[in-house]
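Asker: how would this look folded up:
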Amino acid sequence: MTYERNFDLLNRKFRELLFPTLMTSIAGNFAILVDAFFISMFLGSVYLSVVQSIEPFVAFINVIYWLIGLGGSILCTMARAEFNENKGNAYFTVSIIGIVIVGLIITLSTLIFQNQYIHLLCHSAQFKPLITQYFYYYALGIVFECYMVCLAYFIKTDGFINMQFRAFLLCNVLNVILDVVLMKFLNLGISGAAIATTVGHIVSAIYITLYFFNSNRTLKFIKVKSSEIMGYIVDICKSGSSVSSIPLYTTIRLVFLNALIVGILGNMGLAAYNMCYNTLYLIDIFILGTIQSILPIAAVYYKEEDFTGVDYVTKKSLKIVIGFGLAFSVLVSLFPQIILLIFSVDEPSNIPVMINVIRIVSISFIAFAVNNLYMFYAESVQYNKLANILTLLQGLIFPVIFAYIFAYLWGANGFWASIVVSEFATLLFIYIYSKVMVSKNDNEYSGFFLIKKHKGKAVFEFTIDGNVEDAVKLSESIQESFDDERLSVLVAMAIEDMIVQIININEKVDLIDMIIRDNGSYILISIKYSGECINILEDDDMESNIAILNKISQKIDYSQILGLNNIVITIK
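Answerer: Okay, the predicted model is just below:
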C-alpha cells in the first residue's frame, strides 16, 4: 500500500482560507467603491472627479498600512514557522505600536497642512471646495483605518479569520448606511461620504480591538529592547516594501495621469478615469481575496522548504485569478452598461465615451490578475528584488510612459489603450524573466513561479489517514527508504511514535501530511495535522511516545500556524 502525498490537507486549508479572505477583501476594499456609487447616484457622475482627485492620497495611506501591516505579518508568520515565538511577538508589537504612531502623525499633518495637500491633489478650481470638504473629514479617520487594517493582517495569521471579516464588514455596512443617511436625507453632500467612511473606520477599529481580550489568541505584546527596535523596523519595511510600493506608485502615477487626462478631456475625462480606476479596483477585490489566501501558506511552506506545497498552491491560485480575470473581461466587454449603471452615468453625451473606455480597459483584466498574483507571491517567498522590479514597472514606469506616448499619438483612445499595454508588457517581462532564470539556474528553479528545488539527497512525501494501522504500515515502508539501517529504524520509530501520540490525544484526525528530507548530515521530518496540539516539552511518563521520541531525536520543534499543528523532528 502506498501513501503518496495527495495535498488534500493543503487544499482543505486553502479552501478554508479562500472564502472568508475573499469576503474580507470585498468588505475591506469596498469603501471607495461605495462612496463612488452613492456620490454618482446622489450628486451626479461628474462628481466622481472629486473622488478621483483624492485617490492619490488614499493610495498613500495604503502604502503605510501595507508597508507595516503586511510586511510585519509576513515576518511574524516566518518567525513562528521557525519556532521563534518571541521574535514573532516582537514583530507584532513593533508593527501595531508603530502604525498607531505613524497614523497619528499623518492625521495631524493633514489638519495642519491641509491647504498644501489640496493644492497638490486638486487640478480643477471648480471642485476645490468640494475636495477640501471630503479631504478634511476623511483625514480624521486615518489613524483608525491604519490600526484596524494592520491588526487585521496579524489576526488572520493567528486563525481569527472570521473576526477580520466581521471587522471589515462592519466598517462597510456602516459606510453604506451613513452614506444614504448623510448624503440623501441630511443633505451633507460630499462631506457626508467622507464622514461615513471615517465613522466606519472608527467603529471597526474598536471592534477588532476585542482580539486582545480573547483567551485563544497567541500573539501578544512584549517588551522590546530599545536597541533592537530600529532593527525590527528596518526588517518590517524591507519585507513590506515591494507590496506597499504598489499604492506608492499608484499615488505618483495618479498625480501624473490625472493631470494628463484633465488636459485632454477636462472634468469628464477625470470622471471617466475614475470609473475606469474603480472598475479595475472592483476586479482587484476578488484577485486580492485569492492572493491573500495563499500569502501565509506560501510564506510558511517556503520557509519550511516544502516547495512542492508552494508549487501546488500557486498553480491553484493562478487558475482562480485567470478565471476571475476572464469572467470579468467577457462580462464587462459584452455588457458595459453594467458599469454605467453602477456609477449612474446617464448623460447622453458621455455614454459613448464611457462605453468605449470600459471595453478597451476590459482587455487588460487577465494580465492585471496574473501580474498582481505574481507580485504578492514574490513578496511572500522573499524574492524581494523581483517583486520591487515588477511593482515599479506595473505601477509607475509602464503606465506613465505608455500613457504619455500613446496620448500624444492617438489622443484619448491612446490614453485608455496605454492601460492595457502596460499590463501586458508587465506580464511579458515576468514570462521572459522566469524563462531566463530557469535556463540559467536549472538546478535551482523550475516553472513560471520559479519554484526552488530541494538540495538534499532525497525527499519523501506522504499523506495518511489518522489511524494507528496506517501509521505502523507507513513506518515499515519508510525503513526500506534509507541505506543506513540504524537511521532507517530511528526515522521509522520517530514517525510511528509521533503519529500514535497525535491519534491518542485527538478524538478524530482526518489527514496527516508528512515530509522526510534527507539533508545528508541529518534527517528532517515535518508533520502537519489539524486538531489538538501536542505538549512536547512536558511529559511525566518516561515510557510515553513523546519521551521515547525525545531520546532518539536531536531536536523536536512545534508551532501552530494557520490553524495547523506543525511538528519538525531532526535526527542525526
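
Asker: all contacts plus neighbour counts: C-alpha atoms, from now on.
Answerer: OK.

Asker: residues near Val102, how many?
Answerer: Neighbour count for Val102, taken as other Cα atoms under 10 Å: 17.

Asker: also Ser349?
Answerer: Counted with other Cα under 10 Å, the neighbours of Ser349 add up to 8.

Asker: for Tyr312, same thing?
Answerer: There are 14 residues near Tyr312, going by other Cα under 10 Å.

Asker: host element of it?
Answerer: For Tyr312, the host element (DSSP states H and E) is helix 307-334.

Asker: residue ranges of the helices in the stretch 301-450 of the chain, please?
Answerer: Remark: helices assigned in the stretch 301-450 of the chain by DSSP state H, counting those that start in this stretch are 307-334, 337-342, 351-362, 365-380, 384-392, 398-440.

Asker: dump the helix or strand encompassing Phe135 to PDB, keeping only the CA atoms.
Answerer: Applying DSSP H and E as the criterion places Phe135 in helix 128-139. Taking C-alpha atoms only, helix 128-139 is exported to PDB below (Å, rounded to 0.1, in the frame of the first residue of the first chain):
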ATOM      1  CA  LYS A 128     -11.500  72.600  -5.000                       C
ATOM      2  CA  PRO A 129     -14.100  73.500  -2.300                       C
ATOM      3  CA  LEU A 130     -15.700  70.000  -2.600                       C
ATOM      4  CA  ILE A 131     -12.300  68.300  -2.400                       C
ATOM      5  CA  THR A 132     -11.400  70.300   0.700                       C
ATOM      6  CA  GLN A 133     -14.600  69.100   2.400                       C
ATOM      7  CA  TYR A 134     -14.100  65.500   1.500                       C
ATOM      8  CA  PHE A 135     -10.400  65.600   2.500                       C
ATOM      9  CA  TYR A 136     -10.900  67.100   5.900                       C
ATOM     10  CA  TYR A 137     -13.400  64.500   7.200                       C
ATOM     11  CA  TYR A 138     -11.600  61.600   5.600                       C
ATOM     12  CA  ALA A 139      -8.300  62.600   7.200                       C
END
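
Asker: tell me which element Thr290 falls in.
Answerer: Element membership for Thr290, per DSSP H and E: helix 226-303.

Asker: quick one, that helix and helix 365-380 angle?
Answerer: 120 degrees (axes from the mean of the first three to the mean of the last three Cα atoms, to 10 degrees).

Asker: hmm, back to that, so which bits of the helix holding Tyr312 are buried?
Answerer: By 16 or more other Cα atoms under 10 Å, the buried positions in helix 307-334 come out as 307-311, 313-314, 317-318, 320-322, 324-326, 328-329, 332-333.

Asker: likewise for stretch 353-366?
Answerer: 354-355, 357-366.

Asker: Ser526: what secondary structure?
Answerer: Following DSSP: H, G, I helix; E, B strand; the rest coil, we place Ser526 in the strand state.

Asker: next one: it from Leu265, what distance?
Answerer: Counting by Cα to Cα, to the nearest Å, the separation of Ser526 from Leu265 is 60 Å.

Asker: which one's more surrounded, these two?
Answerer: It is Ser526, of Ser526 and Leu265, that has more neighbours when counted by other Cα under 10 Å, with 21 against 14.

Asker: let me see the contact set for that one.
Answerer: 514-516, 566-569 (Cα atoms under 8 Å, 6 or more residues apart in numbering).

Asker: now do 6 Å
Answerer: Applying Cα atoms under 6 Å, 6 or more residues apart in numbering, we find Ser526 in contact with 514-515, 567-568.

Asker: for Asn356, same thing?
Answerer: Applying Cα under 6 Å, 6+ apart to Asn356 gives no contacts.

Asker: for Tyr273, see how far away it is.
Answerer: From Asn356 over to Tyr273 the distance is 12 Å, taken as Cα to Cα.

Asker: could you do Val310 as well?
Answerer: 37 Å.

Asker: how distant is stretch 54-70 from the center of its chain?
Answerer: Distance of stretch 54-70 from its chain centroid, counting by Cα atoms, centre = their mean, to the nearest Å, is 14 Å.

Asker: got a list of contacts for it?
Answerer: For stretch 54-70, the external contacting residues (Cα under 6 Å, 6+ apart) are 95, 146, 150, 237, 240-241, 244, 247-248, 251, 254.

Asker: now stretch 218-235
Answerer: 89, 93.

Asker: swap in 7 Å and give it another go.
Answerer: 89-91, 93, 158 (Cα atoms under 7 Å, 6 or more residues apart in numbering).

Asker: so which of those is the most crowded?
Answerer: Going by other Cα under 10 Å, Tyr91 tops these with 30 neighbours.

Asker: shaky segments in the stretch 51-200 of the chain?
Answerer: 52, 123-124 (pLDDT under 70).

Asker: show me where it has strands.
Answerer: Here the stretch 51-200 of the chain has no strands by DSSP state E, counting those that start in this stretch.

Asker: quick one: the helices in it, in order.
Answerer: Secondary structure of the stretch 51-200 of the chain (DSSP H, counting those that start in this stretch): helices located at 71-81, 85-112, 114-121, 128-139, 142-157, 161-179, 189-208.

Asker: show me what contacts Ala205?
Answerer: Neighbouring residues of Ala205 by Cα under 7 Å, 6+ apart: 144, 147-148.

Asker: scratch that, Ile451 is what I was asking about
Answerer: 307, 311, 445.

Asker: can you give me the pLDDT of Tyr249?
Answerer: Tyr249 carries a pLDDT value of 82.

Asker: ok, it to Ser446 distance?
Answerer: For Tyr249 relative to Ser446 (Cα to Cα), the value is 30 Å.

Asker: do the same with Ser434
Answerer: 9 Å.

Asker: next: Glu305.
Answerer: Counting by Cα to Cα - Glu305 and Ser446 are separated by 14 Å.

Asker: check Asn519 too.
Answerer: Computed as Cα to Cα, the Asn519 to Ser446 distance reads 20 Å.
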